[in-house]
Every structure is written in structure tokens, then in C-alpha cells.
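>>> With the sequence up front, the predicted model follows.
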Amino acid sequence: MSERIRVIQVGLGGMGQGWLNTLKSCEDVDIVGVVDLREEAARAAAEKVGIGAENAGTDMHAALEKYQPDAVVDVTIPAAHKEVTLTALAAGCHVIGEKPLSDSLPNAQEMVRAAEKAGKIYMVSQNYRWAKSVRAIRKAIQDGLIGKVTAANIDFYIGAHFGGFRDEMDHPLLLDMSIHHFDMLRCVTGVDPQAVYCLEYNPHGSWYKGDVATTAIFEMTEGIVFTYRGSWCAEGHNTNWNGHWRIIGDKGTIIWDGADVLTAEILTGAKEGFTRPKELVEIARPEVGPEGLGGSLARFVTAIWEGGQPETWCGDNIRSVAMVFGAVESAGRGERIEVNW
Ligand SMILES: NC(=O)c1ccc[n+]([C@@H]2O[C@H](COP(=O)([O-])OP(=O)(O)OC[C@H]3O[C@@H](n4cnc5c(N)ncnc54)[C@H](O)[C@@H]3O)[C@@H](O)[C@H]2O)c1
């Protein structure tokens, strides 16, 4: 039986509450301290998880010194991810952090280098990719259900009135949401970005300061073209948070509505007719263990106990976040650019 992992959680805002619940209900970890710049948030969190107000603080360095934890859970805002992660790694901790890995590519590169140098795990949570449907699509593609993938589209439209830091960000959709879609796309296809052309805009009537809508075309490895359209400022006929998906292969097409509908239409092999005969198949979604934040945490714990890297370790995740920064750069320059990381 492996030892329970002692963690401190840094960042106790909206998403921090979900993480507190996930950590508290996990038998493999002990929350030993909680930290937030806002003292009242830290105190409330300590009360919520039953560790006493004396274990709540506003100073991460002091908490690391006091508890000597095995791991840090970073649920701060994107602009703080670098500082929190570098501080945790320097203290000898493993880190699981919220997306996006960082708020700039140079910062993300520095964080990956720091994790490698420290010999510690730094994993980005990417909770969307542990969903049963995503794992089922990944397996269907790996099993060759639709043949060789040639193209994929994701459409995402939600009129989201958050308030808070997203309203002030320069690229709220790309940096804070599209990262999930880009990462899921990489997860199911197994390919990486090579180039992107992106248009970013802020629609009339937007309640965001930065550009909150985008259309992007990515050239991926293996010749796959990925087209992404998204907006957080689209009222009416909203999609699911996963977006609406179409993945085209040379033997058929997968459709996922981001929720219940997950089907493929695949060629029967008959060589007749203007459009060739096809059959409609439901894609089964077997149990895959914990989804969402629980799925992230389970993989983090396993990697700490057994060694090796979790699927979304920083060295992999930088390829997803590079799609974000590539799209931002392309939109700023108004031209197609190569995506590097
Ligand atoms: N995976 C998901 O589905 C999902 C959903 C929402 C948010 N998120 C991510 O979670 C993170 C937090 O988002 P949120 O909505 O909870 O934001 P929030 O603003 O509600 O909370 C952030 C908290 O971090 C604290 N904080 C900021 N800098 C800090 C620092 N240096 N040290 C200690 N505390 C600090 C703030 O005081 C605040 O309490 C972001 O990276 C966001 O993108 C992920």
C-alpha cells in the first residue's frame, strides 16, 4: 500500500472549490494546508475541508516550509501559474496545475524546463479529456473505425457571463477555453500542430474586453486539417461545453454533439451509387474510471506512486497550449504561422 500524498492547494476561487471537493473525497491524498492571496478564501477553504483555520494562509513559501508537502495543486489564475509552479518545484514538490499551462509560450517553456531539471512531475489537469466519450472516440480512431483521419471540426458556442478575470483578458476564449478543445483534439487523433491561420474578433454587443470569438484552421501532422470555430459571446442555440464535433476519415465520419449523441457513419465497402452505401453505428462508451478532476487526480497519484509521466505532463501539454499561442500570434499578425513549442 503506497503512502498517502500530502498536498497543499494554492488558489481557492471558483475552480478551487471543485478541486477542494475532489481532493477531500480522494482516499489517496491528505490536504495539509490551503493558500490564497485572499485570507478569507483560505480560511473558508480550511473550514470546508476540516483542517482548521491555523492551516490556512496567504503565503505559499511559508506553507511549503511548514508542511513540506509532497505535491502542490495550483488552481490560481493563469498569470500566477508560473510563479506558483516554479516555487513548488524548487521546494521539491510534484505539481498538478489547472489549464492553461501558462499565460505565454516562453513562460510555459521555462516551466517545462524547470520540471525536467527538478525531476518532478508537473501535470496540467485537462479534465475534459478523461470523459468516457473522449476516450471512446480515441479508441474508435485507434481501432480504425473511420480509417485514416483526414479532417476534424469543432464548433463551440456559449453565451457565458462569468464576470471576473475572463472579462479583462486579451484572449479569453483561446486561452481559457479553447485549450480544452485543442487538447481533446490532440488526445483523440494523436497528432500535433504544425501551422495555423486564425482570425480573432470581439462581436458587436460583447461584454468582454478582449477578443472572445475565433475561427482557426490548423495544419496538423499526418496531413490532418483541424478547423475550429468558437465564441463565448454567442446567445442562443448554445453547444455543449465540449463543443460539437465532426471527425472525417477515409472510411467514414464520427459525429459527437458533445453530450449524448456519438455515432459514426462508415462505408459498407459496396462500390455503388453517387454517394457510397454507409451504415450508422453507435460508438459504445465503456466505463473508464474517474472522469473530470477525479480522472486528473487519479493519474497524478499513479504517476507519483509508480513513476513515469501522466498523459498530460507538461512536456506533452505544451503542444496543446502552443496551439493557443500560435492562434493568438497568427491573429495578431494576420497571417499563417508555424506552430512551435
Ligand atoms: N478545467 C476547468 O474546467 C476549469 C474551469 C474553470 C477554471 N479553470 C482554471 O482554474 C484556474 C482558476 O480559475 P478560477 O475560475 O477558479 O479563478 P478565480 O479568480 O475564481 O480564483 C483564482 C484564485 O486564485 C487566487 N490567486 C491568484 N493568484 C494567486 C497567487 N499567486 N497565490 C495564491 N492565490 C492566488 C485568487 O485570489 C483567487 O481566489 C484558471 O487557470 C482557470 O483557467 C479550469
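Ah, there it is.

>>> going forward, measure contacts between C-alpha atoms and count neighbours the same way
Noted.

>>> Could you pull out the buried residues of the helix or strand containing residue 23?
Counting by DSSP states H and E, the element that carries residue 23 is helix 14-24. Residues of helix 14-24 classed as buried by neighbour count (16 or more other Cα atoms under 10 Å): 16, 19, 20, 22, 23, 24.

>>> got it, and stretch 268-285?
Within stretch 268-285, the residues that count as buried by 16+ other Cα under 10 Å are residue 283.

>>> pLDDT averaged over it - what is it?
Over the span of stretch 268-285, the pLDDT mean works out to 97.

>>> Could you double-check that residue 118 lies in contact with residue 92?
Yes - using Cα atoms under 8 Å, residue 118 is in contact with residue 92, at 7.2 Å.

>>> Tell me, how many residues neighbour the closest residue to the ligand within the stretch 51-200 of the chain?
Evaluated by Cα to the nearest ligand atom, the stretch 51-200 of the chain has residue 76 as its residue closest to the ligand, separated by 3.6 Å. Using other Cα atoms under 10 Å, residue 76 has 23 neighbouring residues.

>>> so how far is residue 48 from it?
Residue 76 sits 18 Å away from residue 48, going by Cα to Cα, to the nearest Å.

>>> just checking, residue 35 touches residue 42?
Yes - counting by Cα under 8 Å, residue 35 does reach residue 42; the two are 5.6 Å apart.

>>> overlap in contacts of these two?
12, 56, 57, 58 (Cα atoms under 8 Å, 6 or more residues apart in numbering).

>>> and the residue of the chain most remote from its centre, what are its phi and psi?
In the chain, the residue that sits farthest from the middle, by Cα atoms, centre = their mean, is residue 272; the gap is 43.0 Å. Residue 272 has phi and psi values of phi -150, psi 150 when expressed as degrees, to the nearest 10.

>>> Now the residue of the stretch 201-341 of the chain at minimum distance from the ligand: closest residue in space that isn't a chain neighbour?
Residue nearest to the ligand within the stretch 201-341 of the chain: residue 293 (7.7 Å; Cα to the nearest ligand atom). Excluding the flanking residues, the one nearest residue 293 by Cα to Cα, 6 or more residues apart in numbering is residue 127, at 5.2 Å.
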